[in-house]
Each structure stands twice: as C-alpha cells, then as structure tokens.
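Asks: Take a look and give me a structure for this.
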Amino acid sequence: MDFGRKMLKDTVEKDSELKAIYDETDQAGAYLIVAEQVLEGIDNNNVINSRLQAERTPLETNEQEINDEFKVALDKVVESEDGGNLEDVSQCVSLYLQFSEPRASKIEPEYLELFLEIISKTSDSMKPDVATSIYEDVLQSGMSLTSRELTLWASLFLNEVPVVDEQVIAMLKAGVTTMGHQMNITIYNELLRACLLTDQFSLFESLLEEISEAKLEPDRSTLRLMTKYAGDTKDLNALLNLILDIRINGDYKHYLDSLDFAVLFEALINCGKKNVANDILNIIVLLRDSYREAGGSLPLDHPDLTVTSSDLEIDRPLELYDMVVPDQELIDFYPQLDSVVLSPFYQKLESLQELESLDIICKENNIEKDSDIFTNEFELIHKSRVELAFPDFQKIMFDIFEQDQEKHYLSILISNEEILKYFVETCEYFAQAGAIDGNNDEIVGSFKIIWEFLEDFQHIDATEEDALTDLISAIVTLVR
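Replies: Numbers count the residues shown, from 1 in each chain. Reported below is the predicted structural model:
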C-alpha cells in the first residue's frame, strides 16, 4: 500500500474506472491493477529493445531495391493522418513478402517496429495466414513477440482452424512456450472464444478448469465469455451462480460497461428469462432518470420499481441492479445507455408493444440506432403488418424522420437492401388493404421507383444523386 501511494496514486487518479475501484471497493486492488499494467509495459519494452539490438541478415543483391520501396511505402502509411488506407498497407505487406526468409531480420530495426505496429492495427482486415506468417517470420529470425503480438498471433492461429480441438490447443500451447511465454488469461480468452464460435462446450469447460488450476484471475473478457457460455447452453443456474459468486459475493473489480450489459441481457433472454433482463433494464433507465431529475436519489418506493421476476428470490427491486453492479448505493454516476445495451432486446423482438417501449427509451435517451437494430425493427414491422394499423405505421416512420436530423436513419434505409425490401413490402400490403391508394399515379410510380432500385441495387452508385433523390421522394410519398 505504501508503494502504491508513493508511486501509483497519480495513475489511479487519472483513470475513472481505477479511481472508482479505489474509492468504492479496494484501494490495494486498484494499485495491483496498475502495477500489472506497468510490469506488462516493461516486458514489452524489453522485447522491443532486444529486437532493436538483434543481429541483421545482409540483403541479397536483388533485395536492395525492394528494401528501398518498402521503406518508402511504410513512410507513406506512417505519415498519413488516418494511419494509411488498406491499399497502402497491402502494398507494404506485398513488398515485405518479396524478401527471402528470414525476412524480419533483413528489415532495419526501426522500420521493423513500425511495420509490426501497423500489422497489429490492421491484422483483422487481412488474410489470417498472411499476418500469421509475418509473426512467424519474427520468430524464425530469432526474435520475440510482445504480449500484444502474441495474443494477436494466437487469435489469427485459431481463425485458421475450422474447429478447435485438443490437438489445436496443444499446438497453440507449444507455440506459446516456444516463444518463451507462458499461457496467460488473455490467450485462454482467445481459446474460450474459439470454443464458443464452434459450440465446443465440453472443451470450454475443460479450459475453465485449467484456468482455475493455474490460479489465473478471470478478467472482464473471461467473465463475458462465461456469461455467453451460460446463455448459449441455456444454463440458467450457471448464469445466476456466475452473477452471485463473482459479481456480488466475489471480488469483481470492474463496473459493467455497455458490452457487459449486452452479453448479460442476451444470456438471460437465451435462458428464457427475458422478464429478468427487462427488469434490470427498467431499473437502469429509472436510475438514469433519477440522477437527472433528483440529483442521484431513487426512492425505494418509486411507483415504477416493479419486479416481474418472481422466480428469483429478491427482497427489493434494487437487488436486481446489485446483480450487475456491486455497491450500487455508493455509485455517483449512472450507467451508460446506448445501442449496444439495447441490441439484445431488438434482436428478440416479439411484439409491436415491445418495439414501442424500446423506441421510447431510444428517443428519451438520445440513443442512435445502428443498422442491425434498424433491420430488427423493420423485420418485426414487416412480420406484424397484418395487425399493424396504417396510422401506427405512419407514426413509426414519422418518428424516425423527426429524430433523423443528420439523415442517419434515412441513409441506412436507402443503403440496406433488406430493410428497404421490408419497407416496400409492408407498404404494398397497406395498398392491397386499401390504406394506401393503389390507383393513384404518384403512388404507383413510387412503388415502381423503389422496386427498380432494388432490382439494380448492387449496381447503384452512392454518388448517383438523381436516383437517390427519386428514391427518397418515393419513400416519403408512400408514408405521407
């Protein structure tokens, strides 16, 4: 503690999450997290310093020109304000691959570090085998990888295999050991994630046992993966035990962020407990309203604090909030509400009433819907068009346009083929039902414009202003 106060307090003060841990739960825990980050940074610096000092392999006669072009291409990426476009990065990679092996040892030290930094930032946009080969070049050249590069290598390695099995895990562990590293929680997280992608649930459980036996501390990502596992296997007991053992009774040092809430809500819904997810969401919304209107106090007898989760042993509604955020009475901020938090509810929409409730939350909290949420919304509207009155459909569309000051939603509507098709088919139903005048020339023309646009959707250029203007006019005409 004395060391922490003397050496690490400034760092803790500058980080909002660490400061919350320090103020509300565990001073020593906050210092330990910073110390761990510092030690990881020292380790990475040692790796980079060793690479800078590593012996270089002379260039072959025909490689001098390649080397000059490679440095020019790399300088172009580094000097660009946006970090370089993918075409420029691809040019760097293409030139790098023209060196004979071992490639990494032929690159000047400073340029190798710049190149590896660019690869770490853009590896998700290139073929996994290409990025993997670059990291393997580094190893074949007698150099090491930083912990971040090691994690990327593990992720890329797993992306190349169709199914994770015990043999794949053994190969990855051997690779980690060969590089002079030990298995850590970050690499285990990559393995757990790969298991979930291919429904390897028994292997997932075995890896959790390994983590426990190795006395590795689960981090935020591990707990997200454990939550997703409980939801994917529809194991409500595992999910509730995870919440009770780790997030309430345990020593969990992180307040949940948007993605944590989203994973939890998705798991609860998959376990058939959508009512529990709705209760927690309702309390989060009420807490936000309370902090806005009354300076942070939420009376326990608040008329809207109702719990439909009768199958859970809960003494008071706020205990639902305790399930996901420890020591909630002490928190002096309200949770972040955004499209990520709401996405699980939109994905599982079952009724127009649900849609209306979620849209109210979005409107009152200035939440901008993304393309996936918009797709879920129009899919339900299309599916429910028989029971949806045309004035209600008009109201939904007018509300969308009213909130759309930046033309964000309109842009999604005209650029997403699936959403646009849901829209026009819904309008066609109302025309057949007589709510829209199907004999009106302007209406008929609007349908024709939209269908022709859809038929040629793949070939329409976003810069064709006349076509887009006609499309927007047709959409407005149908809901006017």
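
Asks: Just the CA coordinates for the one helix or strand Ser206 maps to, please, in CSV.
Replies: Ser206 belongs to helix 201-213 when assigned by DSSP states H and E. Provided in CSV are the C-alpha atoms of helix 201-213 (Å, rounded to 0.1, in the frame of the first residue of the first chain):
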residue,chain,number,x,y,z
PHE,A,201,-18.8,-26.6,-24.9
SER,A,202,-17.1,-29.5,-23.2
LEU,A,203,-13.7,-28.2,-24.3
PHE,A,204,-14.8,-24.7,-22.9
GLU,A,205,-15.5,-26.3,-19.5
SER,A,206,-12.1,-28.1,-19.6
LEU,A,207,-10.3,-24.8,-20.3
LEU,A,208,-12.1,-23.1,-17.4
GLU,A,209,-10.8,-25.9,-15.1
GLU,A,210,-7.2,-25.3,-16.5
ILE,A,211,-7.6,-21.6,-15.7
SER,A,212,-8.6,-22.4,-12.2
GLU,A,213,-5.8,-24.9,-11.7
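
Asks: That one - contacts with which helices or strands?
Replies: helix 166-178, helix 185-197, helix 220-232 (3 or more C-beta pairs under 8 Å, 6 or more residues apart in numbering; DSSP states H and E). Where C-beta positions appear, they are placed from N, C-alpha and C, glycine not excepted.

Asks: Now the second one: buried residues?
Replies: Within helix 185-197, the residues that count as buried by 16 or more other C-beta atoms under 10 Å are 186-196.

Asks: Same list, the helices and strands packed on helix 201-213, but as TSV with mean pLDDT please.
Replies: Below are those laid out as TSV (pLDDT from 0 to 100):
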stretch	mean pLDDT
helix 166-178	89
helix 185-197	94
helix 220-232	92
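
Asks: where's the closest residue to Gln91 other than its chain neighbours relative to Ile119, distance?
Replies: Residue nearest to Gln91 in three dimensions, not counting chain neighbours: Ala73, with 4.9 Å by C-beta to C-beta, 6 or more residues apart in numbering. Using C-beta to C-beta, to the nearest Å, we find Ala73 at a distance of 13 Å from Ile119.

Asks: in stretch 418-435, what counts as buried?
Replies: Under 16+ other C-beta under 10 Å, the buried positions of stretch 418-435 are 419-424, 426-431.

Asks: Roughly how far does Glu79 sit from Ala73?
Replies: From Glu79 to Ala73 the distance is 11 Å (C-beta to C-beta).

Asks: more crowded one of those two?
Replies: Ala73 (21 against 9; other C-beta atoms under 10 Å).

Asks: May I ask which helix or strand encompasses Leu342?
Replies: helix 339-347.

Asks: same check, this time on Gln336
Replies: Gln336 belongs to no helix or strand, assigned by DSSP H and E.

Asks: Now do the same contact list for the nearest residue to it once chain neighbours are set aside.
Replies: Sequence neighbours aside, Ser258 is the residue nearest to Gln336 in space, at 5.3 Å (criterion: C-beta to C-beta, 6+ apart). Counting by C-beta atoms under 8 Å, 6 or more residues apart in numbering, Ser258 touches 336, 338, 340-341.
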